[in-house]
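Chemist: Predicted model and sequence below, questions to follow.
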Amino acid sequence: MALTHEFYLIPAIEDAEHLWRNIANHPKVVDSVVIHDDIILYINDTMKWIPSRNPALPGAPTGAGINYYGVTLFNQHSAAALYRIFSAWRDLFLNSPQVLELTGEFYTVEGEAQSGQYERLIYERDEVIEQFAKMISFAEKLAEGRFYLYHCGI
């Protein structure tokens with residue numbers, strides 16, 4: 001099973017801090033997108049620039065980036081950075097060949113000294129661009145102040 005990150009666009013509602021417990025089946029979900037973990041890891045340094053909240057903690061404290069293993073709430077304050085970052089990645093990937101080949105994590109073979117290599121990540125460019133385009137449209141809706149974007153980590 002591939003590791004993924006799910007993003008859910010929902011109306012700004014009163015009890016957003018507790019919504020994450022059953023978000024996948026919640027009737028108020030407006031739209032969603034699933035992004036593979038490898039892609040999230042590839043762009044993760046830039047995602048740390050996006051203001052966010054942690055709805056799993058009391059009071060949903062502010063922070064930045066995603067809660068990799070947990071939930072993250074993006075709101076109107078996240079919109080501009082979210083829009084610019086995903087737009088920049090989309091525009092960059094538009095210059096790639098149809099088969100998007102990226103360098104992934106470095107890994108070693110257990111028990112073999114001096115071994116290791118970088119993982120090769122291979123994706124269809126247009127699928128990744130479509131996912132980023134959806135995130136960009138979510139950011140535009142967040143800017144209106146009437147929506148939240150929930151991220152559910154791996």
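Modeler: Alright, I've got the coordinates.
Chemist: all helices of the protein, in order?
Modeler: Listed in chain order, the helices of the chain (DSSP state H) span 37-47, 79-93, 125-143.
Chemist: Which other helices and strands does the first one contact?
Modeler: Translated: helix 37-47. Secondary-structure packing of helix 37-47 (3 or more CB pairs under 8 Å, 6 or more residues apart in numbering; DSSP states H and E): strand 4-11, helix 79-93, strand 99-107, strand 117-124. Quick note: C-beta positions are derived from backbone N, CA and C, even for glycine.
Chemist: For Q117, find the nearest of the helices of the chain.
Modeler: Among the helices of the chain, the nearest to Q117 by CB to CB is helix 37-47 (15.4 Å).
Chemist: Give me the buried positions along that closest one.
Modeler: Counting neighbours by 16 or more other CB atoms under 10 Å, one finds that the buried residues in helix 37-47 are 38-43, 47.
Chemist: Export only the CA atoms of that helix, formatted as CSV.
Modeler: What follows is helix 37-47, C-alpha atoms only, in CSV (Å, rounded to 0.1, in the frame of the first residue of the first chain):
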residue,chain,number,x,y,z
ASP,A,37,4.1,10.7,0.1
ASP,A,38,7.2,10.8,-2.1
ILE,A,39,5.9,14.0,-3.7
ILE,A,40,5.1,15.5,-0.3
LEU,A,41,8.6,14.6,0.9
TYR,A,42,10.1,16.1,-2.2
ILE,A,43,8.4,19.5,-1.7
ASN,A,44,8.3,19.4,2.1
ASP,A,45,11.0,22.0,2.8
THR,A,46,8.9,24.6,1.0
MET,A,47,5.6,23.4,2.7
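Chemist: what's next to that helix, contact-wise?
Modeler: 2-5, 65-66, 68, 85, 88-89, 102, 104-105, 119, 121, 123, 128, 131, 154 (CB atoms under 8 Å, 6 or more residues apart in numbering).
Chemist: want to throw the buried residues of helix 37-47 into a markdown table with distance to A56 and pLDDT?
Modeler: Below are these laid out as a markdown table (distance: CB to CB, whole Å; pLDDT from 0 to 100):
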| residue | distance to A56 | pLDDT |
| --- | --- | --- |
| D38 | 24 | 96 |
| I39 | 23 | 97 |
| I40 | 18 | 97 |
| L41 | 21 | 96 |
| Y42 | 25 | 97 |
| I43 | 23 | 97 |
| M47 | 18 | 97 |
